[in-house]
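Novice: Mind folding the following:
(one chain, ligands or ions: 1)
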Amino acid sequence: MRMYDIIQRKKRGNALTDGEIQFVVQGVTDGSVPDYQIAALLMAITLKGMTAQETTALTLAMAKSGDMLDLSPLDGIKVDKHSTGGVGDKTTLIVAPMVAAMGVTVAKMSGRSLGHTGGTVDKLEGIPGFETSLSMENFFATVRKCGICIAGQSMSLAPADKKIYALRDVTATVDSIPLIAASIMSKKIAAGADRILLDVKTGNGAFMKSPEDARELAQAMVEIGNTAGRKTAALITDMSVPLGFAVGNNLEIIESIEVLKGGGPADLRHVCIELAAYMMHLADKGELPHCRALAEEAITGGKALETFAQVVEAQNGDRAFIDDPARFPAAAVKREVTAVTDGYIREMDTEGIGVAALLLGAGRETAADTIDHSAGLILHAKVGDRVEKGQPLVTLHTASEEKANIAAEKYLSCLSFSDNKTEKSPLIHAEVR
Ligand code: URA
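Specialist: Got it, this is the predicted structure:
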């Protein structure tokens, strides 16, 4: 088999065989195929697409390119959740302890922040002592003790995806639905869960800007998961405004604790109840209305908050910060940005707001950047809200006046106003099963 012929066949729009795809992924993994040929094939795939069969073959080959976690020694049905990423998306911090509190096993690997989107592992590392780099023994022991563990993604999971993703990033081939679907699902399948819930975000703060593209991606991933024997479902949820009010690591942990205590922003709470209900439904806990009631009960009965505190403690974090979130260190500078005009907020550039948080120090532009855990922003008004001139729009939290100046300008450029009230987008756009 020759890489040249495989590129040629894909360039002409042919479907590749399972054998050809395995040959490519093997060559990516062992370094025998040069980057320029991999890049050429990625561009041909981006332009010509892939069938469902090809996408599944690519996913499975990438999943098998490294360690495949075997979670079978752990009791119960193991359910994983994956979000395609957004701004203020702290749902894993809330939903994972909710479902674990109701008896669903969550043995989870999560990612870090990159660009305008946040990452669960970075948020958790803001809790003093919290460890995300765990041995397998420790990971299993924590799940057995608390019903949940959230670790950082192991480097040996789907190494072919890492290589391919790095090449996609520099060859304008990130935005191919089959390549995104295979990339995400290869890591989910290698991570070993029996059931997978996907939270596919749509809107101007998401990877998939349009609901149609989000649906296509969700359908591709659900099909791959089910074909691989991992029962999979997806919710398409809104990212045309940040989720909740807090954006930034410690600020998001504090907001998550508010939701776990039964308060917090209504939009965040609603999305978390739905995600938790779908995860419990996937874990055979009953029909959706029953699972929604279980999700509510996890919060109102205080079980989810206690489970979160327990897993923090089990992963060496200081539980006192969960019991009393006022302990999280405050940023040196807090700057209120006010409205310069009266009106209704018509639209928010959500990706731009994620960039404003990054400028404040909450994120990283490259994988090597460090994070300021205290940095971020708290929104005071969102799409559809009426504001008067001089009313606070947002409070910026950061380390210096200079960063606050730059982020304030960026934040204001992300808002547009209107004299008439704008309809908010639905929080849940669709389900795909
Ligand atoms: N996240 C991934 O892990 N892979 C992609 O291709 C896109 C988002």
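Novice: contacts, neighbours, all on C-alpha from now
Specialist: Fine.
Novice: Was I right to think residue 140 contacts residue 75?
Specialist: No: using CA atoms under 8 Å, residue 140 is not in contact with residue 75; the gap is 10.4 Å.
Novice: Compare neighbour counts for those two and give me the winner.
Specialist: Per other CA atoms under 10 Å, whichever of residue 140 and residue 75 has more neighbours is residue 140, with 18 against 12.
Novice: what helix or strand does that one sit in?
Specialist: Using DSSP states H and E, residue 140 sits in helix 136-146.
Novice: Just want the residue of the stretch 301-433 of the chain that's nearest the ligand.
Specialist: Nearest residue of the stretch 301-433 of the chain to the ligand, counting by CA to the nearest ligand atom: residue 367, 13.9 Å away.
Novice: count of neighbours near that residue?
Specialist: Number of residues near residue 367 (other CA under 10 Å) recorded here: 11.
Novice: if I look at it, how far off is residue 304?
Specialist: Going from residue 367 to residue 304 by CA to CA, to the nearest Å gives 32 Å.
Novice: Could you do residue 93 as well?
Specialist: Going from residue 93 to residue 304 by CA to CA gives 10 Å.
Novice: These two: which is more packed in?
Specialist: Ranked by neighbour count (other CA under 10 Å), residue 93 and residue 304 place residue 304 first, with 28 against 22.
Novice: Wait, that one touches residue 296, no?
Specialist: No: with contacts defined as CA under 8 Å, residue 304 does not count as touching residue 296, sitting 9.8 Å away.
Novice: Smallest gap between the stretch 101-250 of the chain and the ligand, at which residue?
Specialist: residue 180 (3.5 Å).
Novice: just checking, that residue is part of a helix?
Specialist: Yes: judged by DSSP: H, G, I helix; E, B strand; the rest coil, residue 180 forms part of a helix.
Novice: For it, grab the count of nearby residues.
Specialist: When neighbours are defined as other CA under 10 Å, residue 180 has 21 of them.
Novice: next one: residue 391
Specialist: Neighbour count for residue 391, taken as other CA under 10 Å: 17.
Novice: where does it fall, phi/psi-wise?
Specialist: With angles defined as degrees, to the nearest 10, residue 391 sits at phi -80, psi 140.
Novice: I'd say it and residue 336 touch.
Specialist: No: Residue 391 sits out of contact with residue 336 when judged by CA under 8 Å, with a separation of 9.5 Å.
Novice: so who does residue 396 touch?
Specialist: 333-337, 360, 375-378, 404, 407-408 (CA atoms under 8 Å, 6 or more residues apart in numbering).
Novice: oh sorry, the question was meant for residue 283
Specialist: Per CA under 8 Å, 6+ apart, neighbours of residue 283: 77, 78, 79, 104, 195.
Novice: would CSV of those with distance to residue 342 be doable?
Specialist: Shown next, in CSV, are the contacts of residue 283 (distance: CA to CA, whole Å):
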residue, distance to residue 342
77, 52
78, 50
79, 47
104, 48
195, 48
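Novice: Looking at these, spot the one nearest residue 261.
Specialist: The nearest member of these to residue 261, counting by CA to CA, is residue 104 at 19.9 Å.
Novice: my guess is that closest one meets residue 278, correct?
Specialist: No: using CA under 8 Å, residue 104 makes no contact with residue 278, being 11.6 Å away.
Novice: out of the two, which sits in the more crowded spot?
Specialist: Higher neighbour count among residue 104 and residue 278: residue 278, with 29 against 24, using other CA under 10 Å.
Novice: What sits closest to the more buried one if chain neighbours are left out?
Specialist: With sequence-adjacent residues excluded and distances taken as CA to CA, 6 or more residues apart in numbering, residue 278 is closest to residue 288, at 6.8 Å.
Novice: Show the pLDDT at that neighbour.
Specialist: At residue 288, the model reports a pLDDT of 98.
Novice: was I right about it contacting residue 276?
Specialist: No: the criterion here is CA under 8 Å, and residue 288 misses it with residue 276 at 10.0 Å.
Novice: neighbour count winner among the two?
Specialist: Counting neighbours by other CA under 10 Å for residue 288 and for residue 276 shows that residue 276 has the greater number, 31 against 17.
Novice: pLDDT (mean, whole number) over stretch 340-348?
Specialist: Here stretch 340-348 scores 96 as its mean pLDDT.
Novice: Can we start the residue count at 56 from this point?
Specialist: Got it, the first residue is 56 from now on, which makes the last one we talked about stretch 395-403.
Novice: Look up how far residue 255 lies from residue 342.
Specialist: 22 Å.
Novice: For residue 437, grab the count of nearby residues.
Specialist: Counted with other CA under 10 Å, residue 437 comes out at 22.
Novice: rewinding a little: give me the buried positions along the helix holding residue 195.
Specialist: 194, 195, 196, 197, 198, 201 (16 or more other CA atoms under 10 Å).
Novice: again, but for stretch 341-354
Specialist: The neighbour-count check on stretch 341-354 (16+ other CA under 10 Å) flags 343, 346, 347, 349, 350, 351, 352, 353, 354 as buried.
Novice: Kindly report the same for stretch 283-291.
Specialist: By 16+ other CA under 10 Å, the buried positions in stretch 283-291 come out as 283, 285, 286, 287, 288, 289, 290, 291.
Novice: how close does the second one get to residue 95?
Specialist: In this case it means residue 285. Distance from residue 285 to residue 95, by CA to CA: 32 Å.
Novice: Over to the fifth one?
Specialist: Here the distance between residue 288 and residue 95 works out to 33 Å (CA to CA).
Novice: can you check residue 363 too?
Specialist: In this view, residue 363 and residue 95 are 46 Å apart by CA to CA.
Novice: of those two, who's got more company?
Specialist: Neighbours per residue, other CA under 10 Å: of residue 363 and residue 95, the larger number sits with residue 363, 26 against 17.
Novice: which residues sit in contact with the more buried one?
Specialist: Taking CA under 8 Å, 6+ apart, we find residue 363 in contact with residue 152.
Novice: How about the backbone phi and psi for it?
Specialist: The phi/psi pair for residue 363 (degrees, to the nearest 10) is phi -60, psi -50.
Novice: So the residue of the stretch 156-305 of the chain closest to the ligand is in contact with residue 229, correct?
Specialist: Yes: here residue 235 reaches residue 229: they are 7.1 Å apart, a contact under CA under 8 Å.
Novice: shared neighbours of these two, which are they?
Specialist: Common neighbours of residue 235 and residue 229, counting by CA under 8 Å, 6+ apart, are absent.
Novice: Please consider this matter closed, and thank you.
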